[in-house]
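[1] Turn this into a model:
(chains A and B)
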Amino acid sequence: MPYNLKEVVAQKPSRFTAGHRMCAGCGAPPVARMIMRALKPEDHAVVAGATGCMEVSTFIYPYTAWTDSFIHTAFECAAATESGVEAAYKAMKKTGKLPEDNHTKFIAFGGDGGTYDIGLQSLSGAMERGHDMVYVCYDNGAYMNTGIQRSSATPKFADTTTTPAGKVIPGKMQSRKDLTKVMVGHHLPYVAQSIGLNNFKDLYEKAEKAIYTEGPTFLNVLAPCPRGWGYKTEDLMEINKLAVETCYWPLYEVIDGKYVINYKPKNKLPIEEFLRPQKRFKHMFKPGNEWMIEEFQKEVDTRWQELLDLEKMTNKEE
Amino acid sequence: MGIRERLSGNEAAAIAMKQINPDVVAAFPITPSTEIPQYFSSFVSNGQVDTEFVAVESEHSAMSACIGAEAAGARAMTATSSNGLSLMWEMIYIASSLRLPIVMSLVNRAVSGPLNIHNDHSDAMGVRDSGWIQLFSESNQEAYDNLLMAHRIAEHKDVLLPLMVCQDGFITSHSIENIELLEDEKVKEFVGTYKPEHYLLNSKEPIAIGPLDLQGYLFEHKKAQAEAMRNAKKVIAEVSSEFEKLTGRHYSFFEEYKMDDSELTIVCMNSTAGTAKYAADCLRKQGIKAGVLKIRMFRPFPAEEVAKALKGQKAIAVLDKADSVNGAGGALFEDVTSSMFVNGVNVPTVNYIYGIGGRDVPATDIESVYKDLAEIAKQGKADNPYRYLGLRG
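    Numbering: from 1, shown residues only, chains lettered A, B, ... in the order given. Okay, the predicted model is just below:
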């Protein structure tokens, strides 16, 4: 059945409820809601959350926004925690301690802080061990929960509270880590990069594949942050679109090692289009700083070309 | 009755785990506890247990996975030592405050640095306020027995706290001793099955665990946790007495060795108690009324009972195998002396920091402590309560 947003929303009640305390214009809640919707209605899920914006805004005692079971332990170990839950499921299924009709899926959510940085080891370990789970990184490109500090996902030149654009140092001076490729290096059956775009088709379908592919799978989803990025709350979907149209955040999936780029813009927009609406890049537009935009563009181009090459290389006819 | 065997402390712990047959074991190797997950892996590979063994990439993940598994509704176990426990530290507190009855075999070893792989109690002392029940074991037999009792205590509805069974690295973990094992079936029956009231995998009743818990609630939750630790005392007594009926082996909060008529008493934990008993016997031949109080249950601390047991002694020495580096004395010393003070027991008491980093503790050292105590008893007071034993120069 082809994807239809109206039908999905009508037929699958939200498993991530209203009343959570995420900011208006935050990219993360629609991502979480859509991913949870990709579950079959009859399936139960245990969600593990890393400490971060999403966790502290969706599960404040005695309230929870999650209709499925949810566990939070600490910042760096959502993957390890979930691997324990999944191991328990296997053991309890094997010994008949869970009823036959119990079908549980395992989804972990972490921000880029809990995933790219402090939780990378835990994630790598859980994926390598082959637990049947999806790890979702909602990447907002900095430690937003503690007040916009740089992470290894923060793009070059971004102004954050630990890489302030100053008179001598113009923001973050390092390029961002390509975590999706790091995860591809784990040779997982399914790795994808997505975003909340248009009618969420891309995200929904990738979530469905990730959840229902056996074994460890990884989704990296760009989730803009109005406070950290400095855009107007109502512009969330526009920012998402620009991230894709400029090829800053390409939509692609890697299925058993084969790259598939899901969207190739006919008219690739210049990176300024993505940078300009965001306050964190404001200093790049000052006279004399043109080199920063050029360098940023070059990095985007190099990474996009690399992706095109990888797609070609991994899909070669034998 | 029972199966006579010869096992090392690590083997004894691994055999206990095999007989318990937990749902999940998540562990990472670290000397001197490495053998426990190794032996256990072979039980898994040979189909002798139903357990899912999660060969994690760190101790932090070991405890995280145990928390996930236990919260999911499973029985989870692990083993570690020293820096492994240090790396778990964050998760140790979380395990306890989420009220998850995880059971750990802790093979005590000095915490770095500098690096040392030998025995002292600095690892266990570092988590003494984390809300874990801590049982100490003099011998391989005690390490085995404590593990068999662990789940009954930890999983009791009035407790629901994680529990660690401590034994001395190398001294007991790698020494082969005679041991009496219980038959598999008897262990199975004694330990029983784990039936959690609420758990993540119950699709009929989804739950959420580990919230952001702010000013309005955290205090009450911590009080409930403290209450559970107090309740553990009663449960430990009950389970120990049931275990005695099954095995004939008696366990209490602590063991009083020759304290019926003792005047000079040493308080200590784990394998040193064996040496202290031997030293006490030697001195008794010389007419010195020596006694030993061996703490088995360090958390919860049996404050009233310890004070009562020590009442009437003429001098007491508390042996700490970890220095608190606080300018005042070791952790056991502080617990014992404050218990005595609060309960109105006034006996001259001194502290000896000893055995650090695996420093050998010969019986002659222990004898020297009794001789110091004889002098203190004569004077009726102790000048310097914060002392070192077996320190060079």
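[2] in which helix or strand would I find the residue of the stretch 101-250 of chain A found nearest chain B?
    The minimum distance from the stretch 101-250 of chain A to chain B, using Cβ to the nearest Cβ, falls at A:Gly125 (3.3 Å). Heads up, the C-betas are built off the backbone N, CA and C, glycines and all. Using DSSP states H and E, A:Gly125 sits within helix A:120-128.
[3] Check B:Phe40 too.
    Using DSSP H and E, B:Phe40 falls in helix B:35-45.
[4] about what we covered before: ok, and what's touching the helix holding A:Gly125?
    By Cβ atoms under 8 Å, 6 or more residues apart in numbering or on different chains, the residues outside helix A:120-128 that reach it are A:76-80, A:82-83, A:110, A:115, A:133, A:135, A:182-183, A:186, A:188, A:216, A:218, B:56-58, B:60-61, B:64.
[5] show me the contacts for residue 64.
    I went with chain A, as the question did not name one. Contacts of A:Thr64 by Cβ under 8 Å, 6+ apart are A:58, A:70, B:208, B:211.
[6] could you do chain B instead?
    A:73-74, A:77, A:80-81, A:84, A:122, B:91 are the contacts of B:Ser64 under Cβ under 8 Å, 6+ apart.
[7] quick check, it in a strand?
    No. According to DSSP: H, G, I helix; E, B strand; the rest coil, B:Ser64 belongs to no strand; its state is helix.
[8] And it, how far from B:Phe28?
    Going from B:Ser64 to B:Phe28 by Cβ to Cβ, to the nearest Å gives 11 Å.
[9] same check, this time on A:Asp101
    Taking Cβ to Cβ, one finds A:Asp101 at 35 Å from B:Phe28.
[10] Between those two, which is the more surrounded one?
    A count of neighbours by other Cβ atoms under 10 Å in any protein chain shown puts B:Phe28 above the other of A:Asp101 and B:Phe28, at 25 against 8.
[11] Verify the contact between the more buried one and B:Phe53 for me.
    No. With contact defined as Cβ atoms under 8 Å, B:Phe28 does not count as touching B:Phe53 (11.7 Å).
[12] returning to that earlier point: selecting buried members of the contacts of helix A:120-128 in ChimeraX, what would you type?
    To isolate the buried ones among those in ChimeraX, judged by 16 or more other Cβ atoms under 10 Å in any protein chain shown, type:
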select /A:76,77,78,79,80,82,83,110,115,133,135,182,183,188,216,218 /B:56,57,58,60,61,64
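[13] what helix or strand does the closest residue to chain B within the stretch 51-200 of chain A sit in?
    Relative to chain B, the nearest point of the stretch 51-200 of chain A is A:Gly84 (2.8 Å; Cβ to the nearest Cβ). When elements are assigned from DSSP H and E, A:Gly84 belongs to helix A:78-94.
[14] quick one: buried residues of that helix?
    A:78-93.
[15] Show me what the helix or strand that it is followed by is packed up against.
    Next along the chain after helix A:78-94, taking DSSP H and E as the criterion, comes strand A:104-111. Identification of packing neighbours for strand A:104-111 by 3 or more Cβ pairs under 8 Å, 6 or more residues apart in numbering or on different chains; DSSP states H and E yields helix A:28-37, strand A:44-49, helix A:53-58, helix A:78-94, strand A:134-139.
[16] how about JSON lines for the ones you listed, with mean pLDDT added?
    Formatted as JSON lines, the helices and strands packed on strand A:104-111 follow (pLDDT from 0 to 100):
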{"stretch": "helix A:28-37", "mean pLDDT": "97"}
{"stretch": "strand A:44-49", "mean pLDDT": "98"}
{"stretch": "helix A:53-58", "mean pLDDT": "97"}
{"stretch": "helix A:78-94", "mean pLDDT": "98"}
{"stretch": "strand A:134-139", "mean pLDDT": "98"}
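[17] CSV please, covering the ones you listed and showing distance to B:Asn178.
    Listed next are the helices and strands packed on strand A:104-111 as CSV, based on distance: least, Cβ to Cβ, whole Å:
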stretch, distance to B:Asn178
helix A:28-37, 57
strand A:44-49, 45
helix A:53-58, 51
helix A:78-94, 34
strand A:134-139, 49
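[18] Any idea which of these gets closest to B:Val239?
    Minimum separation from B:Val239 across those (Cβ to Cβ) falls at helix A:78-94, 24.5 Å.
[19] now the angle between strand A:44-49 and that closest one, please.
    If you take axes from the mean of the first three to the mean of the last three Cα atoms, to 10 degrees, helix A:78-94 sits at 160 degrees to strand A:44-49.
[20] and helix A:78-94 with helix A:120-128, angle?
    30 degrees.
[21] got the angle between helix A:78-94 and strand A:134-139?
    Using the same axes, to 10 degrees: helix A:78-94 against strand A:134-139 is 160 degrees.
[22] Just list what helix A:78-94 packs against, helices and strands only.
    Here helix A:78-94 is seen to pack against strand A:44-49, strand A:69-72, strand A:104-111, helix A:120-128, strand A:134-139, strand B:24-26, strand B:52-54, helix B:59-72 when contacts are counted using 3+ Cβ pairs under 8 Å, 6+ apart.
[23] what about it, distance to the chain center?
    Offset of helix A:78-94 from its chain centre (Cα atoms, centre = their mean, to the nearest Å): 23 Å.
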